[in-house]
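1. How does the following fold in three dimensions:
(one chain, ligands or ions: 1)
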Amino acid sequence: MHVISSISEMISTRDKIEGSVGFVPTMGYLHRGHLSLMDAARKQTDTVVASIFVNPTQFGPNEDLDSYPRDFDRDEKLAKDAGVDFLFYPDKQAMYPDGYASYVVPEGPDRHLCGAKRPGHFRGVMTIVLKLFNIVRPTDAYFGQKDIQQARILEQMVSDFHLPVQMHIEPIVREKDGLAMSSRNVYLNPEERKQAVCLSKALFAAKSRFSGGERDAAILIETVQEEISRHSLARTDYIELVDYQKLMPVHTVTSRAVLACAVFFGKTRLIDNIILE
Ligand code: AMP
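-> Numbers count the residues shown, from 1 in each chain. Purely as a prediction, here's the structure:
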């Protein structure tokens, strides 16, 4: 595996690659969720490029940009073992030099879920992913269902801008007890970690009601809320049920939909979701 920090070197390296290129953008502090994306890319494409970049423009002023966990040496080993061919690791100054002035903004699909709670977040995400796509020029790109709104907004961007990239959304990788893997899980203290299982437990409870025939969004949301509120350290940020296509709230589930939640444990904000279909 080659580590490439310079943008011009990544561009010239890409120029020489033939065949399909699978790309996995990350913010590092890799876990099995990230590795599952690399694994899918390795199985489905000829060359795998992953990136590690903690993108400052997708963090709000009071969010965890400075404390976001980082461990490049560990990530390098994990990426290599996962079969990554090129690890792109640019620095902030190169990606956003002085005088940087262009952004991509969503129009609509950011109105609910995390978009409503984290103003400007998806502007930062779309901007960095478009920049990375232009540098890496992947044929295929891999994202996790864990961040379903992000994945759907990026699919929309690819479609709207006619980008020649095949998008792949991979299933959520979970800890044994159901907690969705996340770089942010390291922030949790032992008691918070124990209670953090409530997100998946709550969503699975709703999913089983859905499987039993329940289609009323209010009831499914209430099922999630009930389970979360049994946990003393959990503070709900949102629980929403939206249609998969436009990410707009629905009252009754009649087609593919996403039931998603964000829950705070102290300052740590966790997200999870399930797809209802
Ligand atoms: P991040 O480093 O958190 O920006 O995540 C990089 C990519 O990994 C995104 O496409 C995420 O959706 C994906 N990802 C993060 N956690 C998981 C998980 N538990 N299972 C599957 N994919 C994940």
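
2. contacts and neighbour counts: CA atoms only from here.
-> OK.

3. Which residues of the chain lie near the ligand?
-> 25-28, 33-34, 143-147, 171-174, 180-182 (CA under 6 Å from any ligand atom).

4. wait, doesn't P119 sit right on G60?
-> Yes: in this structure, P119 is within contact of G60 by CA atoms under 8 Å, at 7.3 Å.

5. ok, of the residues of the chain next to the ligand, which come out buried?
-> Using 16 or more other CA atoms under 10 Å as the burial test, these include 25-28, 33-34, 143-147, 172-173, 180-182 as buried.

6. ok, these vs I128, which is closest?
-> P25 (9.5 Å; CA to CA).

7. Look at V173 and report its pLDDT.
-> V173 carries a pLDDT value of 98.

8. heads up, I number from 108, so please use that
-> In the new numbering, first residue 108, that becomes V280.

9. mind listing what it touches?
-> 139-140, 143, 287-288 (CA atoms under 8 Å, 6 or more residues apart in numbering).

10. Okay, strands next: where are they in the stretch 258-384 of the chain?
-> Secondary structure of the stretch 258-384 of the chain (DSSP state E, counting those that start in this stretch): strands at 273-277, 341-350, 364-372, 375-383.

11. can those go into JSON lines with extra columns for distance to I328?
-> Compiled in JSON lines, these are given as follows (distance: least, CA to CA, whole Å):
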{"stretch": "strand 273-277", "distance to I328": "24"}
{"stretch": "strand 341-350", "distance to I328": "6"}
{"stretch": "strand 364-372", "distance to I328": "8"}
{"stretch": "strand 375-383", "distance to I328": "12"}
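
12. how about these in TSV, adding mean pLDDT and mean neighbour count?
-> Putting the strands of the stretch 258-384 of the chain into TSV (pLDDT from 0 to 100; neighbours: other CA atoms under 10 Å) gives the following:
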stretch	mean pLDDT	mean neighbour count
strand 273-277	98	17
strand 341-350	98	20
strand 364-372	98	22
strand 375-383	98	20
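
13. Now do the contacts for the nearest residue to I124 once chain neighbours are set aside.
-> Ranked by CA to CA, 6 or more residues apart in numbering and with sequence neighbours excluded, the top spatial neighbour of I124 is T154, at 7.9 Å. Taking CA under 8 Å, 6+ apart, we find T154 in contact with 124, 126-129, 191-192.

14. Tell me the buried residues within those residues.
-> If we count by 16+ other CA under 10 Å, those have these buried: 128-129, 191-192.

15. Pick out whichever of the residues you listed sits closest to Y210.
-> G129 (24.4 Å).

16. Spit out the contact partners of the closest one.
-> 148-149, 151-156, 245-249.

17. Buried among those? Make that a PyMOL selection.
-> The following PyMOL line selects those of the contacts of G129 that are buried, judged by 16+ other CA under 10 Å:
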select buried, resi 148+149+152+154+155+156+245+246+247+248+249
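
18. Could you list which of the contacts of G129 belong to helices?
-> 148-149, 151 (DSSP state H).

19. Closest one of those to the ligand?
-> Closest approach to the ligand among the ones in helices among the contacts of G129 (CA to the nearest ligand atom): A148, at 12.3 Å.

20. That closest one and M274, how far apart?
-> 11 Å (CA to CA, to the nearest Å).

21. Identify the contacts common to the two.
-> 247-249.

22. which of the residues you listed lies closest to E298?
-> For these, the nearest to E298 is Y249 (33.0 Å; CA to CA).

23. Check the gap between the closest one and A325 for me.
-> Distance from Y249 to A325, by CA to CA: 32 Å.

24. Next: D182.
-> 42 Å.

25. Return the backbone torsion pair for the spatially closest residue to I242 that is not a sequence neighbour.
-> Leaving aside its chain neighbours, I242 sits nearest to I118 (5.6 Å; criterion: CA to CA, 6+ apart). Dihedral angles of I118 (phi, psi; degrees, to the nearest 10) stand at phi -60, psi -40.

26. ok, I118 - how many residues close by?
-> 14 (other CA atoms under 10 Å).

27. hang on, isn't it packed against L239?
-> No: between I118 and L239 there is no contact, the gap being 10.3 Å when judged by CA under 8 Å.

28. mind giving me the domain split of the protein?
-> Split into domains by automatic domain parsing, the chain comes to 109-277, 290-377.

29. Indicate which one of the ones you listed is closest to E384.
-> Here domain 290-377 is closest among those (CA to CA), at 4.6 Å.
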